[in-house]
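Q: Would you be able to build a 3D model of this:
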Amino acid sequence: MAESKLLTVIAREYLERVRSRWFVAATLLTPVFLVLLLFLPTILGERERRNETGTIRIVDATPDSVGVLVTTALRGGVTGDTARAEWVAATEATLESVEAQAVADVASGRLVGVLVLDTATISLGRPRYAGRNTTALLTMQQLEGAVTRAVLTRRLEARGLEPRESASLAGLRLRLETERLTERGRGGSGRLSILFAIGVAVTLYLTIFLHGSNVMRGVLEEKQTRVAEVVLSSVSPDTLLLGKVLGIGAVGFTQLLLWTASSAGLLAIRAPLLARYGLQVDAFALPDLGWGLAGIVLLSFLLGFLFYAALFATVGAMVSSEQDAQQAQLPVVLLLVLSLAMVQGIVTNPDGTLAQVMTLVPISAPIVLPLRLSLTPIPTFEAVGAIVLLALSAALATLLASRVYRTGVLMYGKRATLREVWRWLRAS
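A: Take a look at the predicted model:
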C-alpha cells in the first residue's frame with residue numbers, strides 16, 4: 001500500500017513538471033544554445049577574418065631590416081585577403097616623427113594600425129603596436145608570431161646560416177598531440193577529455209542546483225497553498241517527501257539524458273558540417289568511460305541529487321516565503337559552488353591529494369567523481385568508497401529532511417530557527 005502511494009506521488013510530481021511549458025522550453029532551448037556555442041563563433045570568426053580590411057604600417061628602425069621580413073610575412077594582411085602591410089624605413093633620429101605620422105594616419109582612418117620595430121624593442125622582446133584592431137586577439141597573435149619569426153631568422157643569419165635555412169628553422173611550429181590511455185586502451189585526445197570533463201561537471205552542477213531548487217519550491221508551494229494538509233491526510237510525510245524528491249529527480253534525469261544525447265549528436269556532426277563550409281576544426285571524440293564507469297557516473301549523479309534535494313527540501317520546510325527561502329538556501333548553494341570552484345585544481349592534477357579528498361567528501365563527490373573519471377583512471381576501491389559514502393550521506397540527509405518535513409510543512413507564518421529544527425529532530 002505504501003509502495004503504491006509512493007509511486008502515485010512520484011508519477012504526479014514527474015508528469016506535472018514534464019508536461020509544463022517551461023520543461024519543454026528548457027529541454028529544447030539548451031540544444032539550440034549548444035548549436036550556437038559550437039557553430040556560431042567559428043563561422044562568425046572566419047567571416048570576420050575574411051571581411052576585415054586595412055593596412056598595417058611597419059615602421060622599421062632596426063639595423064638588419066627585421067621589418068622587411070615582417071612585411072613580407074604580412075603581405076596580403078593578417079586581417080583579410082584584401083588587407084596590406086607596408087614597410088617604412090626609419091632611423092633612430094627620425095623614428096619619433098615617422099611614428100607620429102603613422103599614428104595620425106591611423107587616427108584619420110587611412111591605416112588600421114602601426115607596428116614599430118627598433119633596436120630597443122627587439123632587444124627587450126617588446127615590439128610596439130597601436131591600432132584600431134588591438135582587441136582582435138587572433139590578429140595580435142599573428143602579428144606577434146610574424147615578428148618572432150623575423151627576429152629569429154635574422155639572428156640565425158647572423159650565425160652564418162643561409163637565408164632559406166634560417167627562415168625554415170624560424171618558421172618551425174610544433175604542436176604536442178596528447179592522447180589519453182586507460183586500461184581499456186586508447187581513449188581519445190587529452191585536450192578534448194579536459195573539455196568533456198569540465199562540461200560534465202558544469203552540467204551536473206546545473207542539473208542538481210536547478211532541480212534541487214524545484215524540490216524546495218515544491219515544498220514551499222504546498223505550505224503556502226495548504227495542499228500539504230489535504231495530502232497528508234492520506235499519505236505519510238516520509239512517503240510524500242520521498243515521492244517528491246524521486247519524482248523531481250526523475251525529471252532532472254530525463255532532461256539530462258536528452259541533453260546528453262543531443263550534445264553527443266551535435267559534437268559528432270560539428271567537424272564534418274563545418275568542413276563543408278571550408279572551416280577546419282578538430283573532431284570531438286568523447287572519452288571511452290566503459291559501461292562500468294558510466295554506471296558509476298550515473299549513480300553518483302542520482303545519489304548526489306538525493307543528497308542535495310533532501311537539503312533543499314529541509315530549507316523549504318523551514319521557511320514560509322520565497323524571500324526567506326532565497327536566503328535560507330544560501331548555505332546549500334555554497335556547498336555546490338565549492339565543488340565547482342575546485343574544478344580547475346582537479347583538472348590540473350586529477351590524481352593529487354585535493355582530488356582524492358574531494359572525491360570522498362559527500363558534498364563534492366557528485367561533481368568531482370564524474371569529473372575525475374572523465375580525466376584519468378582512478379582505483380576501483382576509491383570510486384566504490386566514494387559511492388558508499390555518498391549513499392550513506394544521501395540516506396542520512398533524507399532521514400533528517402523527513403523529520404523536519406513532518407513538522408515544518410504544517411508550520412505557517414514564520415521561519416523556523418535552528419533551535420526549533422533541532423527540537424523537531426530530537427522529537428521525531
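Q: need the longest helix for this protein.
A: helix 237-275 (DSSP state H).
Q: I'd like the average pLDDT over that one.
A: Averaged over helix 237-275, pLDDT sits at 77.
Q: and the following helix or strand past it with helix 237-275, angle?
A: The helix or strand immediately downstream of helix 237-275 is helix 290-318, counting by DSSP states H and E. Using axes from the mean of the first three to the mean of the last three C-alpha atoms, to 10 degrees, the direction of helix 290-318 lies 130 degrees away from that of helix 237-275.
Q: ok, residues contacting the one helix or strand V368 maps to?
A: Assigned by DSSP H and E, V368 belongs to helix 365-375. Taking contacts as C-beta atoms under 8 Å, 6 or more residues apart in numbering, the residues outside helix 365-375 that touch it are 193-194, 196-198, 200-201, 204-205, 208, 287, 289, 293, 296-297, 300-301, 303-305, 307-308, 336, 339-340, 342-343, 346-347, 350, 355, 358-359, 361, 378, 383, 386-387, 389-390. C-beta coordinates here come from the backbone N, C-alpha and C atoms, glycine included.
Q: Just the residues you listed: which are in helices?
A: Residues of these located in helices (DSSP H): 193-194, 196-198, 200-201, 204-205, 208, 293, 296-297, 300-301, 303-305, 307-308, 336, 339-340, 343, 346-347, 355, 358-359, 383, 386-387, 389-390.
Q: Turn the buried ones among these into a named PyMOL selection, would you?
A: A single PyMOL command selects the buried members of these (16 or more other C-beta atoms under 10 Å):
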select buried, resi 193+194+196+197+198+200+201+204+205+208+293+296+297+300+301+303+304+305+307+308+336+339+340+343+346+347+355+358+359+383+386+387+389+390
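Q: worst-scoring helix or strand of the chain, pLDDT-wise?
A: Here the helix or strand of the chain ranked lowest by mean pLDDT, DSSP states H and E is strand 185-189, holding a mean of 48.
Q: just the CA coordinates of stretch 356-373, formatted as CSV?
A: Provided in CSV are the C-alpha atoms of stretch 356-373 (Å, rounded to 0.1, in the frame of the first residue of the first chain):
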residue,chain,number,x,y,z
GLN,A,356,41.2,12.3,-3.8
VAL,A,357,39.8,14.1,-0.7
MET,A,358,37.1,15.9,-2.7
THR,A,359,36.1,12.6,-4.3
LEU,A,360,35.4,11.1,-0.9
VAL,A,361,33.6,14.1,0.6
PRO,A,362,29.9,13.7,0.0
ILE,A,363,29.2,17.4,-0.6
SER,A,364,31.6,17.4,-3.6
ALA,A,365,31.6,13.7,-4.8
PRO,A,366,28.6,14.1,-7.1
ILE,A,367,30.6,16.6,-9.2
VAL,A,368,34.2,15.6,-8.5
LEU,A,369,33.9,11.9,-9.1
PRO,A,370,32.5,12.1,-12.6
LEU,A,371,35.0,14.9,-13.3
ARG,A,372,37.9,12.7,-12.3
LEU,A,373,36.6,9.6,-14.2
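Q: can you pull the buried residues of it?
A: Within stretch 356-373, the residues that count as buried by 16+ other C-beta under 10 Å are 356, 358-373.
Q: And stretch 136-147, by the same measure?
A: Within stretch 136-147, the residues scored as buried using 16+ other C-beta under 10 Å are A136, T139, M140, Q142, L143, A146, V147.
Q: Could you pull up the contacting residues of the last one?
A: Applying C-beta under 8 Å, 6+ apart, we find V147 in contact with V66, V70, L115, L117, P127.
Q: For the one helix or strand it maps to, what is the distance to the chain centroid?
A: Assigned by DSSP H and E, V147 falls within helix 137-158. Relative to the centre of its chain, helix 137-158 is centred 33 Å away, using C-alpha atoms, centre = their mean, to the nearest Å.
Q: can you pull the pLDDT of F312?
A: F312 is given a pLDDT of 88.
Q: hmm, back to that, so which pair among the contacts of V147 is furthest apart in space?
A: Largest separation among the contacts of V147 by C-beta to C-beta: V66 and L115, giving 10.6 Å.
Q: What are the contacting residues of stretch 94-103?
A: By C-beta under 8 Å, 6+ apart, the list of residues contacting stretch 94-103 reads R57, V59, A61, V88, A90, L111, V114, V116, D118, A130.
Q: export that stretch as CSV, just CAs?
A: C-alpha atoms of stretch 94-103 as CSV (Å, rounded to 0.1, in the frame of the first residue of the first chain):
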residue,chain,number,x,y,z
THR,A,94,63.6,60.0,-37.5
LEU,A,95,61.8,57.3,-35.6
GLU,A,96,59.7,59.6,-33.5
SER,A,97,58.4,61.7,-36.4
VAL,A,98,57.7,58.7,-38.6
GLU,A,99,55.8,57.0,-35.8
ALA,A,100,53.8,60.2,-35.1
GLN,A,101,52.8,60.5,-38.7
ALA,A,102,51.7,56.8,-38.7
VAL,A,103,49.7,57.3,-35.6
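Q: On the three-state scheme, E86 is what?
A: strand (DSSP: H, G, I helix; E, B strand; the rest coil).
Q: if you skip the residues just before and after it, what's nearest to it?
A: R57 (5.3 Å; C-beta to C-beta, 6 or more residues apart in numbering).
Q: which ones are touching that neighbour?
A: R57 is in contact with A85, E86, W87, V88, A102, D105, L111, G113, V114, L115, counting by C-beta under 8 Å, 6+ apart.
Q: Also S364?
A: Residues counted as contacts of S364 (C-beta under 8 Å, 6+ apart) are L338, S339, M342, M358.
Q: Tell me the predicted confidence for it.
A: Here, the pLDDT recorded for S364 equals 88.
Q: next one: phi and psi at it?
A: The phi/psi pair for S364 (degrees, to the nearest 10) reads phi -110, psi -20.
Q: ditto for E322
A: When quoted as degrees, to the nearest 10, the phi and psi of E322 stand at phi -60, psi -40.
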